[in-house]
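1. Need coordinates for the below:
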Amino acid sequence: MKEIKGHRISLRFFRHPRKIKKARSAMKRLKTIAKTLIRDLIMSRNVRNFQTPHVIRLHFAATLHA
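-> Residues are numbered from 1 along each chain as shown. Down below sits the predicted model:
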């Protein structure tokens, strides 16, 4: 959680010219973390409400933007 929080803070001022590089790397790392979380959700037996990986991705994306 601490790593995610740090990356989200790095993305706060992503339009500033000196912070673009750090923001790009933070976005890439956050996407990687999200992919591993989604893969873990798909592989776990606890997820029975979702039929397809596509539905899980949509649900996860909706919670990120909320």
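
2. Could you give the secondary structure assignment for residue 13?
-> coil (DSSP: H, G, I helix; E, B strand; the rest coil).

3. Could you check the pLDDT of it?
-> Confidence at residue 13, expressed as pLDDT, is 86.

4. which element is residue 36 on?
-> Assigned by DSSP states H and E, residue 36 belongs to helix 20-43.

5. Go through that helix and flag the buried ones.
-> Using 16 or more other Cβ atoms under 10 Å as the burial criterion, the residues of helix 20-43 that qualify are 23, 26, 30, 38, 41. C-betas here are computed from N, CA, C, even on glycine.

6. in the protein, which helix or strand is least confident?
-> Lowest by mean pLDDT, DSSP states H and E among the helices and strands of the chain is helix 53-65, with a mean of 63.

7. rewinding a little: just the closest of the buried residues of helix 20-43 to residue 6, please.
-> residue 26 (7.9 Å; Cβ to Cβ).

8. Residue 3 is in contact with that closest one, correct?
-> No. Using Cβ atoms under 8 Å, residue 26 is not in contact with residue 3, being 9.9 Å away.

9. Give the other helices and strands that the helix or strand harbouring residue 9 contacts.
-> Per DSSP H and E, residue 9 falls inside helix 2-10. Applying 3 or more Cβ pairs under 8 Å, 6 or more residues apart in numbering; DSSP states H and E, one finds that helix 2-10 makes contact with helix 20-43.
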